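>>> need coordinates for the below:
(one chain, ligands or ions: 1)
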Amino acid sequence: MILCTFLLVTVFLLLSAATASAEEEKPSVHLLATGGTIAGKASSETATTGYEAGALRVQELLSALPEVSDYARVTGEEIASIDSKDMTEDIWLSLAGRANELAGEKDGLVVIHGTDTMEETAWFLQLTVSPSVPLVLTGAMRPATAVSADGPMNLLNAVRLAADPSAAGKGVLVMMNDTIFGAGNVTKGNTLSLDTFRSPDGPLGYMNDGKPFWCALPVRIPCGKAPFDVSHLSRLPKVYILYGNACADGVMVQAAVQAGAEGIVYAGCGNGSIHREDEKELAKAVLQGIPVVRSSHAGSGSVIAAENSYEKEHFIRGGSLNPQKARILLQLALTRTKDSREIQKMFETY
Ligand code: SIN
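This is a model prediction of the structure:
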């Protein structure tokens, strides 16, 4: 009898130790929640608009998705609970600071985010967070309370991706609708569809039954350390985006300068082309020490050298960054220099 009890206790202890060590071997993934539709609560299960974004806490999202613990030791915290259209520099700086702290402690990070400005936050984090561990952003198009909500599968896939060593060294990733995108060229391309994210140059891969399948390698990926250190900053330089259109009259450029713009991104047409009335005012802005980046609202393709006057006026070529991402790079560049040539080099590097 004593021998039997002893054997049973020993087997129990061995099994518990094996379970504990299997648990220890799982990668650690930390969630940084900022709100969004993925945490949204609507008044009915059929409502997909008119909901409160960011209403659910990260622990509520995790409790509804116990499956994540099959893949990782998941922890989480709230950085904010907002609709991402209301993103602020304070939240970005806190998020970057916390992600940098955790990059040394965890195997992977997931940022839960609204889809509206997800591409901007992904790009900001790529430029400011240590690339030492996978960092994946995810969200949802349907609120958590909706029939067939897309959030749970997106979150599960984001955790699986962040826990996967193959996601390291590919820059900040966006995982939405089973598709993996790079921060540099992902953009929200449809106002309502679940399949809203796209990259003009194609995605980096897909989540096939929970496993990453890579079909492209990102370019210009930071390695070693983050390109910009924002740990000492409490604000970012003021940069406005001006939308180029037919019949422009230069007034919006004057307004931006008067409002204290420290830089301007001009979302021009085609290859970053600028209406001559706006061009006159932009050239004056450059002479006043306000760098101007030529970008495009065409939706894809690079902005390269065009009219000779643009080069003479020291306008910066925005490359393949869309206007909202060019704005972020110009803000960060301005924390170092106002020299257009130096800023141009950064646009060619990142
Ligand atoms: C948001 O961006 O926070 C609301 C919209 C969404 O997440 O799809």
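
>>> what's the local residue count around residue 99?
Applying other CB atoms under 10 Å, we find 23 residues neighbouring residue 99. Bear in mind the C-beta positions are built from the backbone N, C-alpha and C, glycine included.

>>> how much space separates it from the ligand?
According to CB to the nearest ligand atom, to the nearest Å, residue 99 and the ligand sit 19 Å apart.

>>> tell me how many other residues crowd the residue lying closest to that residue once chain neighbours are set aside.
Distance criterion CB to CB, 6 or more residues apart in numbering; nearest residue to residue 99, sequence neighbours excluded, is residue 129 at 4.6 Å. When neighbours are counted by other CB under 10 Å, residue 129 registers 27.

>>> for residue 129, what are its contacts?
If you count contacts by CB atoms under 8 Å, 6 or more residues apart in numbering, residue 129 has them with 96, 99-100, 103, 135, 172, 226.

>>> report the buried residues of stretch 151-168.
Under the neighbour-count criterion of 16 or more other CB atoms under 10 Å, stretch 151-168 has 151-164, 167 buried.

>>> what mean pLDDT does it get?
The average pLDDT for stretch 151-168 rounds to 98.

>>> equivalent analysis for stretch 31-47, please.
If you average the pLDDT over stretch 31-47, you get 95.

>>> same deal with stretch 234-254?
Rounded mean pLDDT across stretch 234-254 is 98.

>>> what about residue 235, distance to the ligand?
Residue 235 sits 23 Å away from the ligand, going by CB to the nearest ligand atom.

>>> that residue: what secondary structure?
Following DSSP: H, G, I helix; E, B strand; the rest coil, residue 235 is assigned to coil.

>>> which residue is the nearest non-sequential neighbour of it?
Among residues not flanking residue 235 along the chain, residue 89 sits closest, at 5.9 Å (CB to CB, 6+ apart).

>>> surely residue 218 touches residue 180?
No. Contact criterion CB atoms under 8 Å: residue 218 and residue 180 do not qualify, at 10.0 Å.

>>> quickly list what's touching both of these two.
Listed as contacting both residue 218 and residue 180 by CB under 8 Å, 6+ apart are residue 204.

>>> for the ligand, give me its nearest residue in the stretch 101-250 of the chain.
As assessed by CB to the nearest ligand atom, the ligand sits closest to residue 114 within the stretch 101-250 of the chain, at 1.9 Å.

>>> got the confidence number for that residue?
Note on residue 114: pLDDT of 98.

>>> wait, it touches residue 52, no?
No. Applying CB under 8 Å as the test, residue 114 and residue 52 come out as separate, 11.9 Å apart.

>>> what about these two, which has more around it?
Neighbours per residue, other CB under 10 Å: of residue 114 and residue 52, the larger number sits with residue 114, 24 against 17.

>>> which ones are touching that one?
34-38, 53-54, 82-85, 139.

>>> now do residue 278
By CB under 8 Å, 6+ apart, the contact list for residue 278 reads 242, 244, 248-250, 252-253, 266.

>>> swap the cut-off to 7 Å and go again
Contacts for residue 278 (CB atoms under 7 Å, 6 or more residues apart in numbering) come out as 244, 248, 250, 253.
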